[in-house]
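Asks: Got a sequence here, can you build the structure:
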Amino acid sequence: MDYGKLANELRKQLPGLDLREHEPMSRHTTFRIGGPAAVFCRPGSVEETAALCRLLQEKGVRPFVMGRGSNLLFPDGLLPGVVVQFADNFSAVTQTSPSTLFAQSGATLVTVSQQAQKAGLTGLEFAGGIPGAVGGGVTMNAGAYGGEMKDVVTRVDYLDETLQIKSISNAECGFDYRRSVFESGGSVILGAELALTPDDPAAVKSRMETLKEKRLASQPLEYPSAGSTFKRPAGGFAAQMIDEAGLKGFTVGGAQVSEKHAGFVINRGGATSADVRALMEQVQMEVERRTGIRLEPEVRIITHL
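Replies: Next up, the predicted model:
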C-alpha cells in the first residue's frame, strides 16, 4: 500500500480532515511511547467519520481506531497503516435530561465526571481520575474504586461494519471485567449515554476530592504510564503478587515497575516499547514461577495496525 498516495486521496476527498503523515504515536499515548503511523486522522463529526471510513473501506484499508491512548502500547518503529483518533476533535458532552449525559467518544472521562458534578449528578466519581476517553472506557469497561462504565452506560451509538449508525443498550454491550462486545473491533464508537442520579454538587465534589487524594497518595501519577499494567487475577491482586515477588523498582531500560505502586509500569524517561514488553514478560515469568498464576496484560499491546 502506498500510504502517501492514500493520504493525498483522502485530503482531496475530505479537504477539512485533520490528517497527518508519519505522526509519532508517542504524542498520543499516556505512556509517551510509539513510533510514527503512516497516516493519522482526526475526524471532527459523525458525517466526516462515516465518509472517512467509507473511503478507507473502498481502498481495502481497516483503520486502527483509538481514543486518548491511555491503555495502549505501540511498537517503536514505523507503523504502516491508518490510525483514526477521537480526542478533542470529537469530545462534546451534553445534558440530555435531568439525569442523563451524552458524551462523544473522544471526551475524557475526567471531563465528563466534572460536568456531571457541576450538574449535580452522582455516579461518575470513580472515573474522575481515569485518563482515557469515553470510547475507550466503554470498549474495556473501564473502572476504579468499585465503579465501572457498565454501571452508568445506558446506550452506545456506533458505526457498524457496514457504516450504518446503530445504537445498543447496556444489556447488549456484553460488559464484563475490562471487556465489552466492542473489543473485537470492526465497529466505531461515536458516543454513549450515561444515566446518573441527582445529588448535591458539593457532596459529589467532596467524594471526587477524596478519591483524587487516594490516587495521588498511592499511584505514580508523576510518570507516564498506561495505568494498571495487568488485570486482576482470580483470587488475588496483581500489584500484591508483583510486590511479593520483590519486583518493585525492577527496571529494563527506561521502563520500571513503580516503587510507589507495583501494579504500574512507568516510563522513567526514554523507555521504548521493547523495554516495556521485556519488563512485562519478566514480571509475568517471575510471578508465575512463584504462584503458578500467569498475569494477563491490561495494557493493550499493539504489534501492527
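
Asks: buried stuff in stretch 37-51?
Replies: Going by neighbour count (16 or more other C-beta atoms under 10 Å), the buried part of stretch 37-51 is 37-43, 46, 48-51. Yep, even glycine has a C-beta here, placed from its N, CA and C like the rest.

Asks: between these, which is nearest Ser184?
Replies: Thr49 (19.2 Å; C-beta to C-beta).

Asks: Show me what the lowest-mean-pLDDT helix or strand in the chain pairs with in its sheet, parallel or antiparallel.
Replies: Lowest by mean pLDDT, DSSP states H and E among the helices and strands of the chain is strand 143-144, with a mean of 90. According to DSSP bridges, strand 143-144 forms sheet pairs with strand 147-148 (antiparallel).

Asks: Who are the packing partners of the helix or strand just after the partner strand?
Replies: Counting by DSSP states H and E, the next helix or strand C-terminal to strand 147-148 is strand 153-159. Other helices and strands packing on strand 153-159, by 3 or more C-beta pairs under 8 Å, 6 or more residues apart in numbering; DSSP states H and E, are helix 46-58, strand 165-169, strand 188-195.

Asks: Strand 153-159 - which strands sit beside it in the sheet, and in what orientation?
Replies: Strand pairing (DSSP bridges) places strand 153-159 next to strand 165-169 (antiparallel), strand 188-195 (antiparallel).

Asks: ok, which pair from the buried residues of stretch 37-51 is furthest apart?
Replies: The farthest-apart pair in those, when distances are taken by C-beta to C-beta, is Ala38 and Val46, at 25.0 Å.

Asks: on that earlier part again, need the helices and strands packed on strand 153-159 in JSON lines (columns: mean pLDDT and distance to Leu305).
Replies: Formatted as JSON lines, the helices and strands packed on strand 153-159 follow (pLDDT from 0 to 100; distance: least, C-beta to C-beta, whole Å):
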{"stretch": "helix 46-58", "mean pLDDT": "95", "distance to Leu305": "12"}
{"stretch": "strand 165-169", "mean pLDDT": "96", "distance to Leu305": "24"}
{"stretch": "strand 188-195", "mean pLDDT": "97", "distance to Leu305": "15"}
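
Asks: Tell me which of the ones you listed is the most buried.
Replies: Most buried of the helices and strands packed on strand 153-159, by mean neighbour count (mean count of other C-beta atoms under 10 Å): strand 188-195, with a mean of 23.

Asks: any idea of the angle that one forms with helix 46-58?
Replies: 140 degrees (axes from the mean of the first three to the mean of the last three C-alpha atoms, to 10 degrees).

Asks: After strand 188-195, which helix or strand is next?
Replies: Next along the chain after strand 188-195, taking DSSP H and E as the criterion, comes strand 197-198.

Asks: The closest residue to Ala271 other than its chain neighbours: neighbour count?
Replies: Distances taken as C-beta to C-beta, 6 or more residues apart in numbering place Gly254 nearest to Ala271, at 3.3 Å, with adjacent residues excluded. For Gly254, the neighbour count with other C-beta atoms under 10 Å is 17.

Asks: I figured Gly254 hits Val265, correct?
Replies: No. Using C-beta atoms under 8 Å, Gly254 makes no contact with Val265, being 10.8 Å away.

Asks: check contacts around the residue lying closest to Thr29 once chain neighbours are set aside.
Replies: Using C-beta to C-beta, 6+ apart and skipping residues adjacent in sequence, the residue nearest Thr29 is Gly69, 3.5 Å away. Applying C-beta atoms under 8 Å, 6 or more residues apart in numbering to Gly69 gives the contacts 25, 28-31, 85.

Asks: Report the two of those residues separated the most.
Replies: Pairwise over the contacts of Gly69, using C-beta to C-beta, the maximum falls at Phe31 and Gln85, 15.2 Å.

Asks: For Leu247, give its distance to Glu298.
Replies: In this view, Leu247 and Glu298 are 17 Å apart by C-beta to C-beta, to the nearest Å.
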